[in-house]
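Enquirer: Got a predicted model here, sequence first, then my questions.
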Amino acid sequence: MADRETIRDAAPVTSGEPDPFPRLVRPVQGRLVAGVAEGAAAQLRLDPVVLRLAFVLLTVLDGVGAVAYAALWLFTPREPYEGKEPARDWSQVASYAAVGLALLALGWLTGARTGGIGAWPIAVGGIGSLILWQQADPDRRRRWMSTTVGQVRRNRVRTFAGLVLVVVGAIGFLVATDELDAAKPGIVFTLVVVGGVALIAAPWLAGLWKELQRERRERIRQEERAEVAAHVHDSVLHTLTLIQRNSEDPREVARLARSQERELRNWLYQPKQDADASLAAAVRRVAAEEEDAHGVPIEVVCVGDCPLTPELSAMMQAARQAMVNAAKYSGSSVISVYAEAEPEEVTVFVRDRGAGFDMDQVPEDRMGIRQSIIGRMERHGGGARIRTEPGEGTEVMLTMKLEKA
Amino acid sequence: MSAIRVLIVDDHRLFRSGVRAELGDSIEVVGEAEDVESAVRAIGELTPDVVLLDVHMPGGGGQEVLRRVLGAGSQVRFLALSVSDAAEDVIGVIRGGARGYVTKNISGRELTDAIRRVAEGDAVFSPRLAGFVLDAFASSEAPPIDPELDSLTQREREVLRLIARGYAYKEIAKELFISVKTVETHVSSVLRKLQLSNRHELSRWATARRLV
């Protein structure tokens, strides 16, 4: 988005680094051999892939990489790590080994390996371009990729790389056994035949592939459409029928419309949450149920979220009672519920702009506020505060400290 | 005080006439538009004080109108009005340059009030928008890139919390022992941060919410 870009560019950027020179350590997480490359990459803010390739390249050249790696391994402390150590990604180790072997073969074939000094510019250039690649921002990198390799898929790149490795290996083998000259014509003709077949079959294969993709997309689209249709039928159409049947009762019509609106909104915009597991979902469910029961709109705003503990479940019951009171007695046209989950504390506000009341005038035996709200919160280690005055509306504030995990 | 001149941009004719009927005498509706093209044209011709802007419309939606009109250097003020509750829509039009966001179930009186506020250069936050903003600025443990723009002050947080709790500006002023003007200043400051902050959490957060 253009305007967003310009805003970003225009804003002053001051870099606030927490610790500019952290100590080099060898992390356990993400290591392939001993974590040297991973740690150094974090230090230099490079991708570990770059450093790993650099180590491999330097190892192929006179073994410098292996020596450097061993030295760093020796002098760098291991990052403290608790728990079971994650397993290494052996497939990555294997692919680096393959790259190393391929480079070895290449170096051996071209004589660069024994060339000593002559090979160094290649190494320096290679590592330099790797770092350059790494330092470019992702957008630019993507642009480079799209201009050079176009829309080639990742797995095709892998296939191609594999093919190159095999060919290089085969040539290396043939050279090693002095049979390259003898095998040359055979290889050339095989290549010609394979190329010819590929040329003939390519358009047909491409067409087949496209057709398959199109069918798959179509099927996914149809499944989605069927699901939406099913949902609309069960919810919206059903409610519309109910509204027609209750058209002489405006209150019921409003309630049905409101409840359907809420349900549709949740389906469209809210992340799927388990009302028995998350605070925000529980608040929304309680509000929805009381809204349906009393026909007064309840506006819910949630900030943050946390797992629902037994204490918070009790808090939900107190909040429900506060909503019931507001809906039944305040006469307010709308009730606002605000729930905020902070790291140490959860707060819920239930507010109406209705009649309000005088706290001192509430009879001792009225259980709603004293027992169901204040008493319940205090029994579970929380607190409740009620602010109200006749004509000023009522606000119930519930707080509950969270146990430190 | 002369009436505030308003242009209504929405692709539903029924909704446009409904809003027109609900607005008070202090508002003069100078025109209507039903898509991005006609909206941009009407804003250029009629130069309204405030544009009531629907978020979802054919031809790119409210954000496209914002981009084209504000991109051309116009000073017209926008109030987004939508049925959508999706966080990325809300944050999107605000970052696109709208000075407020209210949902379509707002009452006529509240809408008149919000239009007047936007016309005077203030910002209008609904409880839900206030909640989104609190969420967006809180949902990161990473240190801010620009401390001035990337975090809210204690006071701004308090004001937003009260808006989210359903308080009107006047009630907030009373609660915090400050003037209504000061409340407006805090909200405008939050709006500015929301529009200018380059912390990528804001957009990342909105994207994460899109995955329903």
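Expert: Happy to help now that I have it. Predicted model only: the values in this text are computed from it and were never measured.
Enquirer: How many residues are close by the closest residue to residue A:29 other than its chain neighbours?
Expert: The shortest distance from residue A:29 to any non-neighbouring residue, by C-beta to C-beta, 6 or more residues apart in numbering or on different chains, is to residue A:86 (5.8 Å). For the C-beta atoms, the positions are set from N, CA and C on the backbone; glycine is no exception. Neighbour count of residue A:86, defined by other C-beta atoms under 10 Å in any protein chain shown: 11.
Enquirer: do residue A:32 as well
Expert: Residue A:32: 16 neighbours (other C-beta under 10 Å).
Enquirer: Domain-wise, how is the chain divided?
Expert: Reading this off chain A. What automatic domain parsing lists as the domains of chain A is A:21-135, A:181-269, A:272-401.
Enquirer: that answer is for a different chain, and I need it for chain B
Expert: B:1-121, B:125-212.
Enquirer: Of all these, which one is nearest residue A:32?
Expert: Of all the domains of chain B, it is domain B:125-212 that lies closest to residue A:32, at 27.1 Å by C-beta to C-beta.
Enquirer: Pick out the residue closest to the middle of chain B.
Expert: residue B:100 (1.4 Å; C-alpha atoms, centre = their mean).
Enquirer: What's the biggest helix in chain B, counting residues?
Expert: helix B:180-196 (DSSP state H).
Enquirer: can you dump the C-alpha coordinates of that helix into PDB?
Expert: What follows is helix B:180-196, C-alpha atoms only, in PDB (Å, rounded to 0.1, in the frame of the first residue of the first chain):
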ATOM      1  CA  VAL B 180     -13.100  17.600  27.600                       C
ATOM      2  CA  LYS B 181     -10.600  19.400  25.500                       C
ATOM      3  CA  THR B 182      -7.800  17.500  27.100                       C
ATOM      4  CA  VAL B 183      -9.600  14.200  26.500                       C
ATOM      5  CA  GLU B 184      -9.800  15.100  22.900                       C
ATOM      6  CA  THR B 185      -6.100  16.000  22.800                       C
ATOM      7  CA  HIS B 186      -5.300  12.500  24.200                       C
ATOM      8  CA  VAL B 187      -7.500  10.800  21.700                       C
ATOM      9  CA  SER B 188      -6.000  12.800  18.800                       C
ATOM     10  CA  SER B 189      -2.500  11.900  20.000                       C
ATOM     11  CA  VAL B 190      -3.400   8.200  20.000                       C
ATOM     12  CA  LEU B 191      -4.800   8.600  16.500                       C
ATOM     13  CA  ARG B 192      -1.500  10.100  15.400                       C
ATOM     14  CA  LYS B 193       0.500   7.300  16.900                       C
ATOM     15  CA  LEU B 194      -1.800   4.700  15.300                       C
ATOM     16  CA  GLN B 195      -1.300   6.300  11.900                       C
ATOM     17  CA  LEU B 196       2.400   7.000  12.100                       C
END
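Enquirer: shouldn't residue A:247 be in contact with residue A:253?
Expert: Yes. At 6.6 Å, residue A:247 counts as touching residue A:253 under the criterion of C-beta atoms under 8 Å.
Enquirer: ok, those two, which is more surrounded?
Expert: residue A:253 (16 against 10).
Enquirer: How much space separates the more buried one from chain B?
Expert: 15 Å (C-beta to the nearest C-beta, to the nearest Å).
Enquirer: CA atoms of whichever strand or helix holds residue A:59 as CSV?
Expert: Per DSSP states H and E: residue A:59 is located in helix A:48-60. C-alpha atoms of helix A:48-60 as CSV (Å, rounded to 0.1, in the frame of the first residue of the first chain):
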residue,chain,number,x,y,z
PRO,A,48,22.9,-19.1,9.7
VAL,A,49,22.7,-20.6,6.2
VAL,A,50,25.2,-18.1,4.9
LEU,A,51,27.7,-18.9,7.6
ARG,A,52,27.2,-22.6,7.2
LEU,A,53,27.8,-22.3,3.4
ALA,A,54,30.9,-20.2,4.2
PHE,A,55,32.3,-22.9,6.5
VAL,A,56,31.7,-25.6,3.9
LEU,A,57,33.3,-23.5,1.2
LEU,A,58,36.3,-22.7,3.3
THR,A,59,36.6,-26.4,4.3
VAL,A,60,36.8,-27.4,0.7
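Enquirer: mind listing what residue 24 touches?
Expert: Reading this off chain A. A:39-40, A:43, A:76 (C-beta atoms under 8 Å, 6 or more residues apart in numbering or on different chains).
Enquirer: other chain: chain B
Expert: Residue B:24 neighbours (C-beta under 8 Å, 6+ apart): B:108-109, B:112.
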